[in-house]
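Student: pasting a predicted model and its sequence here:
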Number of protein chains: 4
Amino acid sequence: MLGDTYGRMFRVTTCGESYGGALLIVVDGVPAGLELCDADVQADLDRRRPGTKAIDSPRQETDQVQVVAGVMDGKTTGAPVGMTIYNVDTQPIHVQQYREVKDLMRPGHAEYTYFVKYGEFADWRGAGRASGRETAGRVAAGAVAKKILAREGVEVVAYVKEAAGIAAREMTFEEIKAGVGKNDINCPDFEAAEKMVRRILEIKEAGDTAGGIVEIIARGVPAGLGEPVFDKLDADIAKALMSIGSVKGVEVGTGFAAAKMRGSEHNDIPYMEDGKVKFRTNNAGGILGGISNGDDIVARMAVKPTATISIDQDTVNMPQMKEVKLAAITRRDATICGRIGPVAEAMMAIVLTDHLMMSRGLDAVAKLDKTWPRAEADGQ
Amino acid sequence: MLGDTYGRMFRVTTCGESYGGALLIVVDGVPAGLELCDADVQADLDRRRPGTKAIDSPRQETDQVQVVAGVMDGKTTGAPVGMTIYNVDTQPIHVQQYREVKDLMRPGHAEYTYFVKYGEFADWRGAGRASGRETAGRVAAGAVAKKILAREGVEVVAYVKEAAGIAAREMTFEEIKAGVGKNDINCPDFEAAEKMVRRILEIKEAGDTAGGIVEIIARGVPAGLGEPVFDKLDADIAKALMSIGSVKGVEVGTGFAAAKMRGSEHNDIPYMEDGKVKFRTNNAGGILGGISNGDDIVARMAVKPTATISIDQDTVNMPQMKEVKLAAITRRDATICGRIGPVAEAMMAIVLTDHLMMSRGLDAVAKLDKTWPRAEADGQ
Amino acid sequence: MLGDTYGRMFRVTTCGESYGGALLIVVDGVPAGLELCDADVQADLDRRRPGTKAIDSPRQETDQVQVVAGVMDGKTTGAPVGMTIYNVDTQPIHVQQYREVKDLMRPGHAEYTYFVKYGEFADWRGAGRASGRETAGRVAAGAVAKKILAREGVEVVAYVKEAAGIAAREMTFEEIKAGVGKNDINCPDFEAAEKMVRRILEIKEAGDTAGGIVEIIARGVPAGLGEPVFDKLDADIAKALMSIGSVKGVEVGTGFAAAKMRGSEHNDIPYMEDGKVKFRTNNAGGILGGISNGDDIVARMAVKPTATISIDQDTVNMPQMKEVKLAAITRRDATICGRIGPVAEAMMAIVLTDHLMMSRGLDAVAKLDKTWPRAEADGQ
Amino acid sequence: MLGDTYGRMFRVTTCGESYGGALLIVVDGVPAGLELCDADVQADLDRRRPGTKAIDSPRQETDQVQVVAGVMDGKTTGAPVGMTIYNVDTQPIHVQQYREVKDLMRPGHAEYTYFVKYGEFADWRGAGRASGRETAGRVAAGAVAKKILAREGVEVVAYVKEAAGIAAREMTFEEIKAGVGKNDINCPDFEAAEKMVRRILEIKEAGDTAGGIVEIIARGVPAGLGEPVFDKLDADIAKALMSIGSVKGVEVGTGFAAAKMRGSEHNDIPYMEDGKVKFRTNNAGGILGGISNGDDIVARMAVKPTATISIDQDTVNMPQMKEVKLAAITRRDATICGRIGPVAEAMMAIVLTDHLMMSRGLDAVAKLDKTWPRAEADGQ
């Protein structure tokens, strides 16, 4: 396995499995002088935490984070920030459940490909490293990124735009921001949210699971971030979001709808306002030629219905290479849409911070109490 | 600019602009002993070349490639493969056209963000590095990747699934393969293709442009490619495809349709056939937990309508920061859907080769006609 | 700060400061199926540990390591290995000592450059991240690398070849191996070792410090490791060793002595023995053209005398920018030569493992008890 | 092969062999607005060029460089700079000479390790990619780096400090600068230079070759460059210099001499002058804790005697695995010390530029006509 580090100038490394001892998170490239304490990181982790809502997995994890490196007297020192999250709900009884079915492929899950890649040594305890549990590490790192971005006036929010086939209405950024995290499905359209939860509970009742679409908006991103040709900002966003388990698609701006539009309709027309360049529409989703244009970055990701269902399924015993039945599994999320928001925000924040550091430099961002000179010519 | 290199163990670096002297392509990590000549690369370049069809840009480029490094006696040596493509259709008269409007933002184009990032020094000649011309470099590198993959029994094809709102019918892999590159819009459903071209010509007539959806299929990919957590195979595919200019969305397997499905419906049920694991469906698009499962890799990308249109548009003069009119531009593609196939194939092939090298190692793949493990001659 | 990750296919990330909460170590790219427990790592850490000998710093650290991720049932799973080492000797009284002089540059130390780079936020507690304490993280990661190399028959040893001006005699690899770690100065020539320690204690008595030369030998390295042009094996070794604090020079094979030799004298003449290529001499130090030739890899590094001395020194107060006196400091190492061996071994082992993985591939090394090529179970 | 790209934020990629078609050089991360023309690059290439002096190889290469990408109207555009150098002295008669001995290992050369790694496919024409010819690519890229550094007031010079056992006297930076490139051996101590050349010609006469020591000094480097822990500035310099063919050792500041010094002697004592921090000595070689301290960066590298000699040698036929005689070779350098200076300067310049970009950011350096704000607190 070699994909546990993300970023070039803001670099996140995580490890830890669903039922291992602990998750460790190292965040390198953090400027010195940033206020950072456990509570800053805990807030986002609590939004991701399972076990608190009817539609979520019943697993009880406290997800208590501790910053153990890179901070002195409440401020970052320039050294990498190190964090730990110890697993607590790892009782032998739960591990035992997994041991019983460890040789069976759970359809839609990563067991098979891990078995091919790592053989019998792959961690089978609750999907091991392939578990959604690793996203706690992303959220912790993302909290650090968000603090850096906040100083630049950049806000990142993610919310459920559609779940179990029910769509939220169009909302302003302010409405979205105000409503994020306010209900079990993380949908700021409260009316739609109610319907979504009701539908998901019905689906859960039937032993099944649901998917949805999550939108992520970053406001206040300075123009000029992104590196053509291969490291375009939208390319990096696509990778970062697609790397979240269960995500099957990513789009920016108009996304797939662009396929049916005409150029005259799709082009965002610029105009001047208060001496600044603005755009009449934002079909681009804030990115032109792979570089941010100063408008809101808008991305969406498609979340598949959770693979673990409470219905018997045909499958194969992997080492024996023979067909068997897999019994219904009850310890599961009916959908992960309600909990995936902080993960999506984290990945967006990490990508933006990485590009910010590339553009501005480690030292430019490093000494935060210094005035940060932005040339006027950047259109901001 | 710092995004001109892609890959970790198979590494592609390109440079060159629309109206610069030449495109240079360096491909590192190519195993020794691979047969490679100019013609191998030229074939794919010819499929991407403009100026040959009614719906394409009239620009006349020969796109003649020359392999100048890394090959001896018709075979790769293990050293990086170096290739050149000299620009020929760069007459002053064309450059002059661009000079006249160099300060005006073309809506939907990268001029504005390049201006923010690089100031007045950004290459304005036909969009410079932001031009689709850079994709010739991708195609050349992709041709090398395809040759490596071919030895492993991997085939990659890309075709237009939808253009200007007209969708192709469902087809088998064999039908698709047989029909790729056979018409101006690169759609193997010939009936649909005819309608697409007709519709696009109407749109072109109206001075406008069209978009579409391109599907990429890789058959024969061995199970086990992809590195969790951040470097999942689908994450890398998403980045690679999204990095192509004009692409606004990427999906794998069911993609955005997954959002409306249930787990019991989405899970691909495995079974045994001839002693091998197979899946009854391929909703996963050949990737589970970020690792290939041996089934076809299936991805789609949304292509926006080309930004350059033959209709007057409001815009701004960038250095002057004032609103102006931009006149219709005639040297343009009515859609790039018909030409983008080889580029999409190239990116998919590059991603797969990179992961193949990571899994198998530079030396494992290196001595292609040697038995692995190592020949005794290595003194060990 | 952005240099806390090393490696491409075997990737080590560390964090933690001298007086922070803990050191965290993440090792990515570890093959599945490797036996690994806390004790395996502890052994090397104990050899590096301060506070046990007269010539070392009196700091009392237990350096207790815990493997918290990447291992299940005593074997690695393919997921990144995560380890923690909590600091224990961080009493306020010691921290207070540092606080008093935090604004003063300690000559020969990194305080000034950290102050320039990170401002007042740089961690001043015992040099923070610039402390030799971070090398515990390297040693922990190196222990994992050594276990991988051991399976390939590769051994790595480092010993003191010269200290405080006293040189050890020439020894065979077997003599060296037998004598490593057997005395306070880690010199397998016991007679020389005694003289070294005596001389160093005299120097210590005088409030001063000593340096030396450490030699690192890797035996059993397969021919073929190293990637020309920029990533030559010797180039990577040079970087890895020079990255250790206090190291001022690195040489391979004849090293600086080569400058005075003639070609006819320096060339290692090959011959055949038992059907294998051997060399009559090893002036190359086991590397030709940046690639291992199967002979012993031999490198040496120059270690400067420890900067912290027990003698008053002129210096400057950094934020005040004025000249002041720095009083003698007593909590210090008289030399780090005796403790640096495991660190040098670790870096050599990490470099070799990284190149091994590049050459052989993550999967080739991954399933350690499986026959390569792949088991049929992968569905291919 | 996978080591043909160097750098993170200033990235150099090269390809090309001794007797291939051409060398290609791509330099990514070049700020926009830098004046750059062929002649800027040619000057350094001419200093490296063979065939002009009695002690060099008689090979006649014009080393004519052409900038074909990344420059418009004489200034860089922010896009990667692409350059070509076509090989001209590649007549079949010379290639034929190599073909005759292609299976024989030349002692001290890379043929054997290339054969192990790439098999019979390795380019045997004049050592192929392992030839010193690849350093022309480094020099071309280095010329671009030097232009960036020059704007920052950074100068880099390399000269021969010792050759064939004859040492130059100590000189001031001004003396060195004035004398660089002024004689065949590139030694600014003209008296010593004369002796060196005479001695080398004697050695050449005897069919043998000589080595030496090259010192590289970078003056004007701002304090604060370098990334602890693994990417220290001295670690990167060590790698960059050691990656040059024939280099067997690298040291910074006192280097190996530090091993015999005491702390009180080695520590550079700081003092204030004109409101700036200065050091009374420069034993550190301008780097503390891996970060530049504002003083001159001083490094030295040991160059081994050229492996190709005009004396018969015992060797082995590689594919046949049997002992044979290798006849004297006449097309060779008596020493490469006189020509390696520009290569060493290039590598130092590339490392410094890479770190400069990391510290300052792509955009900070990008728009060169903008004032570049350096905070006063950085001690400069």
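Tutor: Here it is on my side, so go on. Predicted model, so just to flag it, every value in this text is computed and none were measured.
Student: next up, the contacts around the closest residue to A:Thr281 other than its chain neighbours.
Tutor: Distance criterion CB to CB, 6 or more residues apart in numbering or on different chains; nearest residue to A:Thr281, sequence neighbours excluded, is A:Asp268 at 4.8 Å. Using the backbone N, CA and C atoms, a C-beta is placed for each residue, glycine as well. Contacts here follow CB atoms under 8 Å, 6 or more residues apart in numbering or on different chains; on that basis A:Asp268 touches A:Phe279, A:Arg280, A:Thr281, A:Asn282, A:Asn283, A:Ala284, A:Asp295, B:Pro107, B:Gly108.
Student: reformat these as CSV; add pLDDT, secondary structure and distance to A:Glu227.
Tutor: What follows is the contacts of A:Asp268, written out as CSV (pLDDT from 0 to 100; DSSP: H, G, I helix; E, B strand; the rest coil; distance: CB to CB, whole Å):
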residue, pLDDT, secondary structure, distance to A:Glu227
A:Phe279, 97, strand, 22
A:Arg280, 98, coil, 27
A:Thr281, 98, coil, 26
A:Asn282, 98, coil, 22
A:Asn283, 98, coil, 22
A:Ala284, 98, coil, 17
A:Asp295, 97, coil, 19
B:Pro107, 96, coil, 23
B:Gly108, 96, coil, 20
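Student: just those now: which is nearest C:Phe121?
Tutor: Checking the contacts of A:Asp268 against C:Phe121 with CB to CB, the nearest one is A:Asp295 at 33.7 Å.
Student: correct me, but that closest one touches A:Ala284?
Tutor: Yes. Using CB atoms under 8 Å, A:Asp295 is in contact with A:Ala284, at 7.2 Å.
Student: of those two, which one has the most company?
Tutor: A:Ala284 (28 against 21; other CB atoms under 10 Å in any protein chain shown).
Student: pLDDT at the closest residue to that one other than its chain neighbours, what is it?
Tutor: Take A:Ala284 and drop its neighbours on the chain: the residue closest to it by CB to CB, 6+ apart is A:Gly253, 4.9 Å away. A:Gly253 carries a pLDDT value of 98.
Student: any idea how many residues pack against the residue of the stretch 51-200 of chain A found nearest chain B?
Tutor: For the stretch 51-200 of chain A, the residue closest to chain B is A:Ala110, as judged by CB to the nearest CB, at 2.3 Å. By other CB under 10 Å, 27 other residues sit near A:Ala110.
Student: now swap in A:Leu225 and tell me
Tutor: 31.
Student: show me the contacts for it.
Tutor: Counting by CB under 8 Å, 6+ apart, A:Leu225 touches A:Leu233, A:Ile291, A:Ser292, A:Leu352, A:His355, A:Leu356, A:Met358, A:Ser359.
Student: what sits against the first one?
Tutor: Yep, that's A:Leu233 we're talking about. Contacts of A:Leu233 by CB under 8 Å, 6+ apart are A:Leu225, A:Gly226, A:Glu227, A:Ile287, A:Gly290, A:Ile291, A:Ser292, A:Ile297, A:Val351, A:His355.
Student: from those, which two are the most distant?
Tutor: The most distant members of the contacts of A:Leu233, if one measures by CB to CB, are A:Glu227 and A:Ile297, lying 15.4 Å apart.
Student: compare the two and say which is more crowded by neighbours.
Tutor: The residue with more neighbours, out of A:Glu227 and A:Ile297, is A:Ile297; 29 against 24, by other CB under 10 Å.
Student: dihedrals phi and psi, that one?
Tutor: A:Ile297 adopts backbone torsions of phi -80, psi 120, taken as degrees, to the nearest 10.
Student: okay, helices next: where are they in chain A?
Tutor: For chain A, helices defined by DSSP state H occupy the ranges A:38-48, A:92-100, A:111-118, A:135-151, A:173-179, A:190-205, A:233-242, A:263-266, A:337-360, A:362-366.
Student: can you check the pLDDT for the residue of the stretch 101-250 of chain A found nearest chain D?
Tutor: Taking CB to the nearest CB, chain D has its nearest neighbour within the stretch 101-250 of chain A at A:Gly224, 6.1 Å off. With respect to pLDDT, A:Gly224 has a value of 92.
Student: cool, and the one 5 residues further on?
Tutor: Looking at A:Val229, its pLDDT reads 97.
Student: so for stretch A:266-279, what gets flagged as buried?
Tutor: A:His266, A:Asn267, A:Asp268, A:Ile269, A:Pro270, A:Val277, A:Lys278, A:Phe279 (16 or more other CB atoms under 10 Å in any protein chain shown).
Student: ends of it, how far apart?
Tutor: Start-to-end span of stretch A:266-279 (CA to CA, to the nearest Å) is 12 Å.
Student: next: stretch A:276-293.
Tutor: Note: stretch A:276-293 ends 12 Å apart using CA to CA.
Student: so how far is that stretch from its chain's centroid?
Tutor: Centroid displacement of stretch A:276-293 relative to its chain, using CA atoms, centre = their mean, to the nearest Å, is 23 Å.
Student: what's near enough to touch the residue of the stretch 201-350 of chain A found nearest chain B?
Tutor: Of all residues in the stretch 201-350 of chain A, the one sitting closest to chain B is A:Gly289 (2.3 Å; CB to the nearest CB). Residues near A:Gly289 by CB under 8 Å, 6+ apart: A:Gly226, A:Pro228, A:Lys232, B:His109, B:Ala110, B:Thr113, B:Tyr114, B:Ala130, B:Gly245.
Student: how about it: what's its closest non-neighbour residue?
Tutor: Closest to A:Gly289 by CB to CB, 6+ apart is B:Ala110, at 2.3 Å.
Student: pLDDT score for the one you found?
Tutor: At B:Ala110, the model reports a pLDDT of 95.
Student: OK, contacts around it?
Tutor: A:Pro228, A:Leu288, A:Gly289, A:Gly290, A:Ile291, B:Ala127, B:Ala130, B:Gly245.
Student: between these, which is closest to D:Lys260?
Tutor: A:Pro228 (52.4 Å).
Student: ok, and the closest non-adjacent residue to that closest one?
Tutor: Of all residues not flanking A:Pro228 in the chain, A:Gly290 sits nearest, at 4.9 Å (CB to CB, 6+ apart).
Student: could you export the contacts of B:Ala110 as a markdown table, including distance to D:Gly21?
Tutor: A markdown table is the format used below for these (distance: CB to CB, whole Å):
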| residue | distance to D:Gly21 |
| --- | --- |
| A:Pro228 | 28 |
| A:Leu288 | 38 |
| A:Gly289 | 33 |
| A:Gly290 | 32 |
| A:Ile291 | 35 |
| B:Ala127 | 30 |
| B:Ala130 | 30 |
| B:Gly245 | 30 |
